[in-house]
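**Student:** Let me see the structure of the following:
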Amino acid sequence: MYKSFVTSLGFLSIVAFAGGCASSKQGNSKRLPGVWQVSPIEIDGNNKDWPAPYPNYDDKAMLGYAVSNDKENIYITVETGDPATQLKMLKGGLTVWLDRTGGKNENTAINYPLPESVNNKGKAPAKDDESASAIHLEPSQGQKRLLVLREKVEQKMEEAKEFSLQGFKACNEQFSILEKDSCGIKVRIALDQDNELVWEAVIPFRSFYSKAEISRVDKGRPLSICIETEGSKRPEGAAGGGGKGAPRGGGFRPSVGFGGFGMQMGGMRGGGNNTRNASQPDHSMESLYKSSKTWKTFGIAWKE
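**Tutor:** This next block holds a predicted model:
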């Protein structure tokens with residue numbers, strides 16, 4: 001998922017370039033309404049400035065998201081309460097693509113967190129099954145698995161200190177999250193009190209759009225966002241996620257009561273799930289190994 005840094009692209013090439021996800025024709029996706037941001041959002045990894053629950057959710061990716069704008073900035077947030085998805089984001093990285101034409105061009109992006117391979121550059125590589133060995137437990141040990149997953153997520157959070165930019169008008173390099181010279185682009189990630197992982201970014205229009213401030217004529221113009229995650233390599237000996245009709249018990253599931261966010265422990269309230277043996281698929285870990293791409297097109301919002 002991690003792309004090489006783009007250091008010399010001009011603004012016209014940003015508009016013209018098409019690749020990767022561009023297999024779908026521009027305008028085929030349903031355009032979601034834009035949301036006008038009345039007051040600027042503080043980018044601190046806290047979802048207090050966003051609607052609860054988030055208005056958009058991808059159940060396959062197990063990610064909720066929201067987008068808004070004021071006249072100077074685009075604001076983006078991503079959230080998940082699934083511990084395996086959280087670990088995937090922190091190990092494999094998260095890329096958020098922007099296409100100002102409303103298409104699906106992979107050209108302009110924020111990469112954060114950076115993939116584990118980039119964060120650990122120059123360090124001894126970890127074994128593929130280093131983290132998996134502790135979390136592929138028997139279904140009856142679900143609570144222990146949850147605690148181990150959360151511990152590993154917190155550990156990886158400490159390593160998420162840098163991000164990279166590509167395809168913007170300038171500032172196409174790697175930055176510390178505390179960097180002051182990243183063209184006004186700011187990104188943060190944090191765990192809240194409910195163990196929800198919250199990702200936030202502010203992106204000034206001047207860094208990628210045709211002007212620094214939008215006006216009435218920009219209202220409704222399409223802007224596409226893609227949220228991309230890279231699944232971890234499945235370690236040897238780890239059971240695969242069975243196909244259609246495979247057992248579903250014993251896993252983490254989005255809680256309906258919080259708009260798809262937060263987790264519930266399957267198999268902890270009866271239903272016979274604890275009778276499964278270790279040879280059966282461990283569905284609670286499947287999201288760790290599945291890559292995902294979520295493309296959505298929004299109309300730019302405007303308010304006098």
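**Student:** so Tyr75 bridges to which residues?
**Tutor:** Residues in a beta bridge with Tyr75, per DSSP bridges, are Ser68, Val202.
**Student:** show me where the stretch 1-150 of the chain has strands.
**Tutor:** In the stretch 1-150 of the chain, the strands defined using DSSP state E, counting those that start in this stretch lie at 31-32, 56-58, 63-69, 73-80, 94-99, 108-111.
**Student:** Any chance of these in JSON lines with mean neighbour count and distance to Ile203 as columns?
**Tutor:** Any C-beta I mention is one placed from the backbone N, CA and C, and that applies to glycine too. As requested, these are arranged in JSON lines below (neighbours: other CB atoms under 10 Å; distance: least, CB to CB, whole Å):
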{"stretch": "strand 31-32", "mean neighbour count": "16", "distance to Ile203": "17"}
{"stretch": "strand 56-58", "mean neighbour count": "18", "distance to Ile203": "18"}
{"stretch": "strand 63-69", "mean neighbour count": "23", "distance to Ile203": "9"}
{"stretch": "strand 73-80", "mean neighbour count": "24", "distance to Ile203": "5"}
{"stretch": "strand 94-99", "mean neighbour count": "24", "distance to Ile203": "7"}
{"stretch": "strand 108-111", "mean neighbour count": "23", "distance to Ile203": "7"}
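**Student:** so which of the ones you listed comes closest to Lys144?
**Tutor:** The minimum distance between Lys144 and the strands of the stretch 1-150 of the chain falls on strand 73-80, with 21.3 Å, by CB to CB.
**Student:** For the strands of the stretch 1-150 of the chain, which has the smallest mean pLDDT value?
**Tutor:** Among those, strand 31-32 has the lowest mean pLDDT, at a mean of 88.
**Student:** and that one, which strands flank it?
**Tutor:** Here, using DSSP bridges, strand 31-32 pairs with strand 292-299 (parallel).
**Student:** what mean pLDDT does the partner strand have?
**Tutor:** Rounded mean pLDDT across strand 292-299 is 97.
**Student:** Also stretch 231-251?
**Tutor:** 53.
**Student:** cool, and stretch 202-217?
**Tutor:** pLDDT averaged over stretch 202-217 gives 97.
**Student:** Ok, stretch 118-129 next?
**Tutor:** In this model, stretch 118-129 carries a mean pLDDT of 54.
**Student:** ok, and for the longest helix seen in the chain, which residues are buried?
**Tutor:** When the chain is parsed with DSSP state H, its longest helix is helix 142-157. Across helix 142-157, burial judged by 16 or more other CB atoms under 10 Å covers Gly142, Arg145, Leu146, Val148, Leu149, Arg150, Lys152, Val153, Lys156, Met157.
**Student:** among those, which two are most distant?
**Tutor:** Gly142 and Met157 (22.5 Å).
**Student:** Please enumerate the helices of the stretch 201-304 of the chain.
**Tutor:** For the stretch 201-304 of the chain, the helices defined by DSSP state H, counting those that start in this stretch occupy 286-289.
**Student:** End to end on stretch 92-110, go ahead and measure it.
**Tutor:** For stretch 92-110, the separation between the terminal residues is 14 Å (CA to CA, to the nearest Å).
**Student:** One more: stretch 99-118?
**Tutor:** 25 Å.
**Student:** Save the buried residues of helix 142-157 as CSV, and put in pLDDT and distance to Asn107 too.
**Tutor:** Shown next, in CSV, are those (pLDDT from 0 to 100; distance: CB to CB, whole Å):
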residue, pLDDT, distance to Asn107
Gly142, 67, 42
Arg145, 79, 39
Leu146, 83, 39
Val148, 87, 39
Leu149, 89, 34
Arg150, 90, 36
Lys152, 93, 33
Val153, 95, 31
Lys156, 95, 28
Met157, 95, 29
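**Student:** Would you tell me which one of these comes nearest to Asp44?
**Tutor:** Met157 (14.0 Å).
**Student:** Which secondary structure state does Cys183 sit in?
**Tutor:** coil (DSSP: H, G, I helix; E, B strand; the rest coil).
**Student:** Name the nearest residue to it, ignoring sequence neighbours.
**Tutor:** Cys171 (4.0 Å; CB to CB, 6 or more residues apart in numbering).
**Student:** what about the one you found, helix or strand, and which?
**Tutor:** Here Cys171 sits in a region with no helix or strand, counting by DSSP states H and E.
**Student:** if I pick it, what's in contact with it?
**Tutor:** Leu165, Asp181, Ser182, Cys183, Ile185, Ser207 (CB atoms under 8 Å, 6 or more residues apart in numbering).
**Student:** Kind regards, and thank you for your time.
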